[in-house]
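[1] Fold the following.
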Amino acid sequence: QVQLVESGGGLVQAGGSLRLSCAASGRTFSNYDMGWFRQAPGKEREFVAAIDWRGWSGSSTDYTDSVKGRFTISRDNAKNTVNLQMKSLKPEDTAVYYCAAGQKKMTIIDYWGQGTQVTVSS
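    Numbers count the residues shown, from 1 in each chain. The predicted structure is shown next:
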């Protein structure tokens, strides 16, 4: 089992920044690809960003098109954490953000966090 706990959500004005963090405990964190998903009211949960298990300078990241250039995902395998730095936030980024642990660039999700609310006001 892997337990995931998100933090860092909140209310921010459009154009502002937030940093989400996800703390993992349990089974070997470094064995998993990690990612962030989000779900806006009335919409399905969608992929936001992922980082593969290696987590160092050669690691591979992936982003949905709408956040490229604004969001940055990173991980620290020594601290069992994965972060999502969000800049230039837009009202359409408003959603509950979920941390996830999985495989194959998050095409397989093994564990979910409980989510953290991000609200961007215009």
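[2] For the nearest residue to D33 once chain neighbours are set aside, give me its contacts.
    Spatially, and ignoring its direct neighbours in sequence, D33 is nearest to D52 (5.0 Å; C-beta to C-beta, 6 or more residues apart in numbering). Placement of C-beta: from N, CA and C, glycine included. Applying C-beta atoms under 8 Å, 6 or more residues apart in numbering to D52 gives the contacts D33, S59, S60, T61, K105.
[3] what about the nearest residue to D93 once chain neighbours are set aside, neighbour count?
    Excluding the flanking residues, the one nearest D93 by C-beta to C-beta, 6+ apart is V120, at 5.1 Å. Number of residues near V120 (other C-beta atoms under 10 Å) recorded here: 20.
[4] Could you write me a PyMOL select line covering just the buried ones among the contacts of D52?
    One line in PyMOL is enough to select the buried ones among the contacts of D52; burial here means 16 or more other C-beta atoms under 10 Å:
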select buried, resi 33
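[5] Would you mind putting the contacts of D52 into a markdown table with secondary structure, pLDDT and distance to T81 alongside?
    Compiled in a markdown table, the contacts of D52 are given as follows (DSSP: H, G, I helix; E, B strand; the rest coil; pLDDT from 0 to 100; distance: C-beta to C-beta, whole Å):
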| residue | secondary structure | pLDDT | distance to T81 |
| --- | --- | --- | --- |
| D33 | strand | 91 | 15 |
| S59 | coil | 65 | 14 |
| S60 | coil | 86 | 18 |
| T61 | strand | 90 | 15 |
| K105 | coil | 79 | 20 |
